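[1] got a sequence here, can you model it:
(chains A and B)
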Amino acid sequence: GENVEQHPSTLSVQEGDSAVIKCTYSDSASNYFPWYKQELGKRPQLIIDIRSNVGEKKDQRIAVTLNKTAKHFSLHITETQPEDSAVYFCAAKLVGNEKLTFGTGTRLTIIP
Amino acid sequence: EAQVTQNPRYLITVTGKKLTVTCSQNMNHEYMSWYRQDPGLGLRQIYYSMNVEVTDKGDVPEGYKVSRKEKRNFPLILESPSPNQTSLYFCASSLFSFGTDNEKLFFGSGTQLSVL
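    Modelled structure (predicted):
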């Protein structure tokens, strides 16, 4: 089955700097890659997603890039703010299989 | 308000005592799923359902049962809970299968289960 690895497990950045979280997936057939944000004590919420026919997608301060050849995708957050502090999960879907496999999460801390 | 409702939020039980965690969505979603969240392991899928009476195993189904008799409800059943099932559980739903335009997952608020 699909295996998703996520790095780093923890990340601290100064407010205003950029943060990058990387994920790799094992199955080249995967075609959908969402990112979820989970604030402390809250439920995960979708923040951005990308499909395999697109190399990059942006939404204000967040962007996701996908390298199908290398089988990795990354979340980029620019001009970080305190409210960006949370756990971020990447995920991948296997074509023809409705299972969504998550990475192990990255705890992002924004230092004021 | 569109939402996924899980109950209870917190549950403490003892080994072997059957329990059910309920999940209900009011968005007419076809897809529903259960995940458990453990430190360092992320979110792992337990079971999922594509529609009424259609369920399938996720990555960690052992020790769990589910049923989908109605579209809106997807209860998680632990017939004989054990301490290794102590975890934070999330139910989630989406309008249709992933890979379409409706693949966004809506999560419930979570159930923290402790099995003593």
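[2] longest strand in chain B, by residue count?
    Of all the segments of type strand in chain B, defined by DSSP state E, the longest one is strand B:42-51.
[3] so which bits of the helix or strand just after it are buried?
    Downstream of strand B:42-51, the first helix or strand assigned by DSSP states H and E is strand B:54-57. Residues of strand B:54-57 classed as buried: B:Thr55 (neighbour count, 16 or more other Cβ atoms under 10 Å in any protein chain shown). Placement of C-beta: from N, CA and C, glycine included.
[4] following strand B:54-57, which helix or strand comes up?
    Immediately after strand B:54-57, counting by DSSP H and E, sits strand B:65-66.
[5] mean confidence score for the following helix or strand past that next one?
    Downstream of strand B:65-66, the first helix or strand assigned by DSSP H and E is strand B:76-78. The average pLDDT within strand B:76-78 is 98.
[6] who touches strand B:76-78?
    Strand B:76-78 is contacted by residues B:18-21, B:23, B:34, B:46-47, B:63-67, B:85, B:89, B:91 when judged by Cβ atoms under 8 Å, 6 or more residues apart in numbering or on different chains.
[7] could you list the buried residues of it?
    B:Leu76, B:Leu78.
[8] could you point out which element follows it?
    strand B:87-94.
[9] which regions of chain B sit below the pLDDT cut-off?
    Residues of chain B that meet the criterion pLDDT under 70 lie in B:96-102.
[10] note down every partner strand of the helix or strand of chain A with the lowest mean pLDDT and its orientation.
    Sorting the helices and strands of chain A by mean pLDDT, DSSP states H and E puts strand A:100-102 at the bottom, at a mean of 90. Taking DSSP bridges as the criterion, strand A:100-102 forms sheet pairs with strand A:86-93 (antiparallel).
[11] contacts for the partner strand?
    When contacts are defined by Cβ under 8 Å, 6+ apart, strand A:86-93 is touched by residues A:2, A:4, A:6, A:21, A:23, A:25, A:27, A:30-40, A:44, A:47, A:73, A:75, A:99-103, A:105-108, B:42-43, B:98-99, B:103.
[12] now with 6 Å, please.
    A:2, A:4, A:6, A:21, A:23, A:25, A:30, A:32-39, A:100-103, A:105-108, B:98 (Cβ atoms under 6 Å, 6 or more residues apart in numbering or on different chains).
[13] using CSV, write out every CA atom in it.
    The C-alpha trace of strand A:86-93 is given here as CSV (Å, rounded to 0.1, in the frame of the first residue of the first chain):
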residue,chain,number,x,y,z
ALA,A,86,-0.2,24.1,14.4
VAL,A,87,0.4,20.5,13.4
TYR,A,88,0.4,20.0,9.6
PHE,A,89,-0.4,16.7,7.9
CYS,A,90,0.3,15.8,4.3
ALA,A,91,-1.6,12.9,2.7
ALA,A,92,-1.8,10.9,-0.6
LYS,A,93,-4.5,9.0,-2.3
